[in-house]
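[1] Make a model of this:
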Amino acid sequence: MSGEDGAWRIVHVPGRPAVPPDQQLAVDVVAAQIEQPKLTNTIIRRLSQIAPLEDLHHVKRVKKKCLEGGKIQLSVILCLAPENGDFDGIPCDVKDVINSYQLSPFVAKVCKYAASSKEEWVEQCKLWPTSYHPPTYNISGVTGFSEEDSRSVVSFMNYALELAKSHGNVVVNAAAIVDPLSNQVIARACDEVCSWHTPKTEVGAEFSSSTKSPADMTGWIKHELGLQRCSSGGPEQVATSISCLHPQWWVDEQTRRSSSFWHPLRHAAMVAIESSAARDRCLFPDVRYKDEATKEECMLSPAKSQAKRRKTDGTDVDDGNKNDDAHGNGDLSSRPYLCTGNDIYLVWEPCTMCAMALVHQRIRRVFYAFPNPSAGALGSVHRLQGQKSLNHHYAVFRVVMPQDILDKAKTSICGSC
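    Sure, this is the predicted structure:
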């Protein structure tokens, strides 16, 4: 995947990887031609009762084929094929249908899984017709971005890229949490796995003047970055401090840097989440439960007692023109519930820890620029967004940059090392 066409591209990363057409799994079914088309509906209703295709809901029961002369040939799936391939293993009720309508059974192949793309669907239909349903999440962007939305995504990704390069000679991962309603950054952060000074709680760069200096972030974790510089001696590897690329490398580094402060969990996404929470506490310092009954209800079911989407206007706390709700004098429902409905922009694909933290925070969309081939949890190694057992799912997008932007990134990174 490259941006050699000179334009930014936003690519949806589905919860299940696309399967090449020649590698799609197929199963055998028993089918038969219907000689009298007028009996088709009757046969289908009967088969749906006695032999439903429980695990093949994407497969159409009837196959229509146009023959020479305009004649239509209809075939119907009777049931799954017996494991031994012997028609004697066909259920008795299905045998009754075969005998009643004088059908001639044969074995056919159908795709085992539903298509995840239109291209897969076209190939599947060559075996047997299937249904294709594009993603129907109530999340904008899954089925495409408008020109205005695309510009907004590119703008915020550029913001994250500049943030990642703001640490002098150290390149780190960066995260920016964005409220899509106000189109503003509400929290931002970089990796803080190592610092020569004991870190203090950072309220958030958007409304606090006591932010950390980039000079404090002097330690790094070495990683073989895909961006290489060309020299007379050949390509040289660039040392960076991108925590998600090697989440466990801090163990080795800690033994060699015992005098510094190490905290392996302070990846960019985790720090940004912390800053977002601190921001909420500043915006809603006086929110209290009105009575004990309300308090108990909120503790048992926060989703019921708190609004699932923020009602704040996203302006800074220093602005003196805020309404009472922004200062915490409103009711409890005006307070955001975690990061529900927000987007996050990351320079590098997050690791499993960060990706799961974003699930818990109810993030709506995740955007990242570079894949994480060693520990990526949203496309490269794992696809956490496709785990059906989770109680929240966000949409994931890879923002592919043009080649000239990549060249500038190479020059910038290599020049600082």
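[2] Need the distance between the two termini of stretch 342-359.
    Counting by C-alpha to C-alpha, to the nearest Å, you get 12 Å between the two ends of stretch 342-359.
[3] quick one: Arg398 and Pro52, what's the gap?
    39 Å (C-beta to C-beta, to the nearest Å). Heads up, the C-betas are built off the backbone N, CA and C, glycines and all.
[4] I meant Ile98, not that one.
    According to C-beta to C-beta, Ile98 stands 17 Å off from Pro52.
[5] Looking at the two, which is more packed in?
    Counted by other C-beta atoms under 10 Å, Ile98 and Pro52 do not tie: Ile98 has more neighbours, with 16 against 12.
[6] would you say that one is within a helix?
    Yes - assessed with DSSP: H, G, I helix; E, B strand; the rest coil, Ile98 lies in a helix.
[7] start the count at 31, not 1, going forward
    Taking 31 as the first residue, the last one we looked at is Ile128.
[8] Helices of this structure, start to end?
    Counting by DSSP state H, one finds helices in the chain at the ranges 70-80, 122-130, 148-154, 177-194, 280-286, 298-313, 322-330, 332-335, 382-390, 433-445.
[9] what's the least confident stretch among those helices?
    Of all those, the minimum mean pLDDT falls on helix 332-335 (a mean of 42).
[10] since we're on the residue lying closest to Pro44 once chain neighbours are set aside, how many residues are nearby?
    Closest residue to Pro44 apart from its sequence neighbours, by C-beta to C-beta, 6 or more residues apart in numbering: Ser146 at 5.5 Å. When neighbours are defined as other C-beta under 10 Å, Ser146 has 18 of them.
[11] for the one 5 residues further on, same thing?
    The burial count assigned to Trp151 is 19, neighbours taken as other C-beta under 10 Å.
[12] again with Ile374
    Ile374 has 28 neighbouring residues, counting by other C-beta under 10 Å.
[13] I'd say it and Ile393 touch.
    Yes - here Ile374 reaches Ile393: they are 5.4 Å apart, a contact under C-beta atoms under 8 Å.
[14] what residues are shared contacts of those two?
    In the contact map built from C-beta atoms under 8 Å, 6 or more residues apart in numbering, the residues linked to both Ile374 and Ile393 are Ile207.
[15] quick one: low-confidence parts of the stretch 281-430 of the chain?
    281-292, 316-364 (pLDDT under 70).
[16] Show me the strands in it, by range?
    Per DSSP state E, counting those that start in this stretch, the stretch 281-430 of the chain carries strands over the ranges 291-292, 373-378, 395-400, 425-430.
[17] Just the CA atoms of the third one, as PDB, please.
    Output in PDB follows, covering the C-alpha atoms of strand 395-400 (Å, rounded to 0.1, in the frame of the first residue of the first chain):
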ATOM      1  CA  ARG A 395     -12.700   5.800  14.800                       C
ATOM      2  CA  VAL A 396      -9.000   5.100  14.800                       C
ATOM      3  CA  PHE A 397      -6.700   6.600  12.200                       C
ATOM      4  CA  TYR A 398      -3.000   5.700  11.800                       C
ATOM      5  CA  ALA A 399      -0.400   6.500   9.200                       C
ATOM      6  CA  PHE A 400       2.200   3.700   9.500                       C
END
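[18] quick one on the thing from earlier: contacting residues for the residue nearest to Pro44?
    Residues in contact with Ser146 (C-beta under 8 Å, 6+ apart) are Pro44, Arg46, Pro47, Ala48, Val49.
[19] Distance of the fourth one relative to Val137?
    Taking C-beta to C-beta as the measure, Ala48 falls 28 Å from Val137.
[20] Return, as residue ranges, the portions of the stretch 81-230 of the chain with sub-threshold pLDDT.
    Scanning the stretch 81-230 of the chain with the threshold set as pLDDT under 70 gives 165-168, 198-199, 224-230.
[21] which residues in it form strands?
    Using DSSP E, counting those that start in this stretch, the strands of the stretch 81-230 of the chain run over residues 92-96, 102-110, 135-141, 204-209, 214-220, 224-225.
[22] Highest mean neighbour count out of those?
    strand 204-209 (a mean of 26; mean count of other C-beta atoms under 10 Å).
[23] neighbouring contacts of that one?
    Among residues not part of strand 204-209, those counted as contacts by C-beta under 8 Å, 6+ apart are 186, 189-191, 193-194, 196, 214-221, 298-299, 301-303, 305-306, 340, 344, 369, 371-377, 393.
[24] same deal with stretch 55-62?
    The contact list for stretch 55-62 (C-beta under 8 Å, 6+ apart) reads 49, 86, 93, 105-112, 115, 117, 120, 124, 128, 133-143, 157-158.
[25] in it, what counts as buried?
    Buried residues in stretch 55-62, counted by 16 or more other C-beta atoms under 10 Å: Val59, Val60, Ala61, Ala62.
[26] How about stretch 124-132?
    Val124, Val127, Ile128, Tyr131.
[27] export that stretch as PDB, just CAs?
    Output of stretch 124-132 as PDB, limited to C-alpha atoms (Å, rounded to 0.1, in the frame of the first residue of the first chain):
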ATOM      1  CA  VAL A 124     -34.800 -34.200   2.100                       C
ATOM      2  CA  LYS A 125     -35.000 -37.600   0.400                       C
ATOM      3  CA  ASP A 126     -38.800 -37.200   0.500                       C
ATOM      4  CA  VAL A 127     -38.500 -33.800  -1.300                       C
ATOM      5  CA  ILE A 128     -36.200 -35.300  -3.900                       C
ATOM      6  CA  ASN A 129     -38.600 -38.200  -4.600                       C
ATOM      7  CA  SER A 130     -41.800 -36.000  -4.500                       C
ATOM      8  CA  TYR A 131     -40.500 -33.500  -7.100                       C
ATOM      9  CA  GLN A 132     -38.400 -36.000  -9.100                       C
END
